Structure formats: structure tokens, C-alpha cells
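Asker: sharing a model that was predicted from the sequence below.
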Amino acid sequence: MKITLTVLFAVLLGCAPGWAVLGEYENSVGLDQQVMRGQVRAMARPGYSLHEITAPGRMVVREFVAPSGRVFGVAWQGPFMPDLKQLLGSYFTNLQRAARSSRLHAPRNPVVLRSDKVVIMSFGHMRSFRGMAYVPSLVPENVSAEVVR
């Protein structure tokens, strides 16, 4: 019975929509709040807006949105890793390649990818994960990429 419930739970989670996707439009922030069962706080910042979702279990996801409505950066922190495939969208394959390369040399080191297309940093350990990603070409003018934290 436990196995059946576990499998059903995993399938249901796999079907749920996720975070606003890096490089895409912000229209899924409301869905993010529902899926995470969290509180969303939208804040206007000079040159961009920030949507911060705090979910039970201390998971926090921040979505940085340009005036054009596109998500130029995401950041996360919490006791577990969010679904990075959903969060990073098409940039996830870049992270996979960087992780494989990084782990061949040192398995416990953070994964850091810096290219002209995307910057991704992910690090942590059990019950304490953090990371951030941004697309340099989508960062609004007069906004530093360092705001993505």
C-alpha cells in the first residue's frame, strides 16, 4: 500500500506545473504559488520586478522579471532542491553538462557555469541548498546581474 501511494504521489507531482521558467514570460507566477502552496510577494524594484514565493518547509524561490515581462533571473534557497529542469527550462541542459564536468574533478564542489548565454550557480548540502541563474542578454539596462540572489 505504501509503495502504491508513493508512486501515485510521485506521478501527481510530476504532472504539476512548476516555476516561472528562466527566459520565458512571467505569467506562471500565480501557478507557482498554488503548486508550492506558498505565499507570493511581488515587489517593484528600479528597472525590474521581483516575485518571491515562500513555501512551507522554508523553500524560497525568487523570480526576477524585466519590464518586458520576461524572467531574466531566478534564485532559490531551502532544505531541498527545487525542480531545476522546470525552473531553468531550456537552460537545464547547460547545467547538466557543467555538473558532469565539475563532478569529474571534485564531486562536492559547487556547480558553476558562466557563458555568454547563461550564468548558473548551484551549491549546498543536505537541508541547505541555494542557487541562482540569469540570462545576461535579458538583464534590463541599468540593472546589475548581481541583483539575482
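Answerer: Yep, it's here. The structure presented is a predicted model; accordingly, all values stated were derived computationally and were not measured. Numbers count the residues shown, from 1 in each chain.
Asker: show me the beta-bridge partners of the nearest residue to Gly38 once chain neighbours are set aside.
Answerer: The shortest distance from Gly38 to any non-neighbouring residue, by Cβ to Cβ, 6 or more residues apart in numbering, is to Ala55 (3.5 Å). Quick note: C-beta positions are derived from backbone N, CA and C, even for glycine. In this entry, Ala55 is beta-bridged to Met59, by DSSP bridges.
Asker: was I right to think Ala55 contacts Arg37?
Answerer: Yes - when contacts are counted by Cβ atoms under 8 Å, Ala55 is listed as touching Arg37 (6.1 Å).
Asker: give me the more crowded residue out of the two.
Answerer: Using other Cβ atoms under 10 Å, the more surrounded residue of Ala55 and Arg37 is Ala55, with 18 against 10.
Asker: identify the residues contacting that one.
Answerer: Met36, Arg37, Gly38, Val61, Gly78 (Cβ atoms under 8 Å, 6 or more residues apart in numbering).
Asker: got it, and Leu113?
Answerer: Going by Cβ under 8 Å, 6+ apart, Leu113 touches Asn94, Leu95, Arg97, Ala98, Val119, Ile120, Met121.
Asker: now Pro79: how far from Gly124?
Answerer: 9 Å (Cβ to Cβ, to the nearest Å).
Asker: which residues of the chain fall in strands?
Answerer: Applying DSSP state E to the chain gives strands spanning 39-45, 48-55, 59-65, 71-78, 111-114, 119-125, 128-134.
Asker: in this protein, where is pLDDT below threshold?
Answerer: For the chain, the stretches flagged by pLDDT under 70 are 1-20, 28-36, 102-109.
Asker: centroid residue for it?
Answerer: Leu87 (4.2 Å; Cα atoms, centre = their mean).
Asker: now list the buried members of the contacts of Leu113.
Answerer: Among the contacts of Leu113, those classed as buried by 16 or more other Cβ atoms under 10 Å are Asn94, Leu95, Ala98, Val119, Ile120, Met121.
Asker: ok, those vs Leu22, which is closest?
Answerer: Ile120 (8.9 Å; Cβ to Cβ).
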